[in-house]
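Q: sequence first, then the predicted structure, then my questions.
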Amino acid sequence: MATKTSFTAEEWELLMESVMSSGVAVSAAEPSGLWGMLKEGFASAHAIAEVRNNPQADELIKAIASDFETSDGRKRLQDGLRKKLQGAKPNEIKARSIETLQQASRLLDAKAPQDALAVKTWMRQIGQRVAEAAPEGGWLGFGGVQVSEAEKATMSEIAKALNLPA
């Protein structure tokens, strides 16, 4: 089983960024306005936080999630994402997020093969939770669809980037 010490500082930052990238890619695929963005952000945060209390959760997932709780971990994550996404338009944000997921997938396969499937599945689940968090289309939250075609397509791209079945 891999642990935080199995990775360099840069690799660990990539793993943390990739956890966020799943939700960011979905949000960028179909921007939902202020309320939708808040709901999507909460969905992502909840999916990350809930693994702490799950005794069946993979230990590497728990280690990644626990770094989100530290001010140093959050600062490094914010700085890294800001640098990676600064000035990007939504379609560029989505593309960069998908690229981050591809890099993380290769890293996990190489350095944590026994944990790779669980971590990549968790990353995809975060994206799915974000996609389902706020309806798209409609007016003031009425009407529309729960998951838009753009979000569905992005979820397929995420699965492909993580080398998981769609």
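A: Nice, thanks for sending it over.
Q: how much space between L14 and K152?
A: When C-beta to C-beta, to the nearest Å is the yardstick, L14 and K152 sit 26 Å from each other. C-beta: built from backbone N, CA, C; applies to glycine.
Q: so which of the two has more stuff around it?
A: Summary of the neighbour comparison: L14 and K152, criterion other C-beta atoms under 10 Å, with L14 having more neighbours (20 against 16).
Q: the more buried one reaches R106, doesn't it?
A: No - look at L14 against R106 with C-beta atoms under 8 Å: they stay out of range, at 9.9 Å.
Q: can you pull the contacts of A2?
A: Remark: with contacts taken as C-beta atoms under 8 Å, 6 or more residues apart in numbering, A2 is in contact with 60, 111-112, 114-115.
Q: quick one: low-confidence ranges for this protein?
A: When residues are selected by pLDDT under 70, those of the chain lie in 32-34, 135-145.
Q: and the residue nearest the centre of this protein?
A: A centroid search over the chain (C-alpha atoms, centre = their mean) returns S22, at 2.8 Å, as the residue closest to the centre.
Q: just the contacts of A2: which are in helices?
A: By the criterion of DSSP state H, membership of those in helices covers 60, 111, 114-115.
Q: out of those, who has the most neighbours?
A: L60 (23 neighbours).
Q: residues in contact with that residue?
A: Contacts here follow C-beta under 8 Å, 6+ apart; on that basis L60 touches 1-3, 112, 115, 118-119.
Q: for it, give its distance to Q114.
A: 9 Å.
Q: anything in contact with each of those two?
A: With contacts taken as C-beta under 8 Å, 6+ apart, the residues that reach both L60 and Q114 are 1-2.
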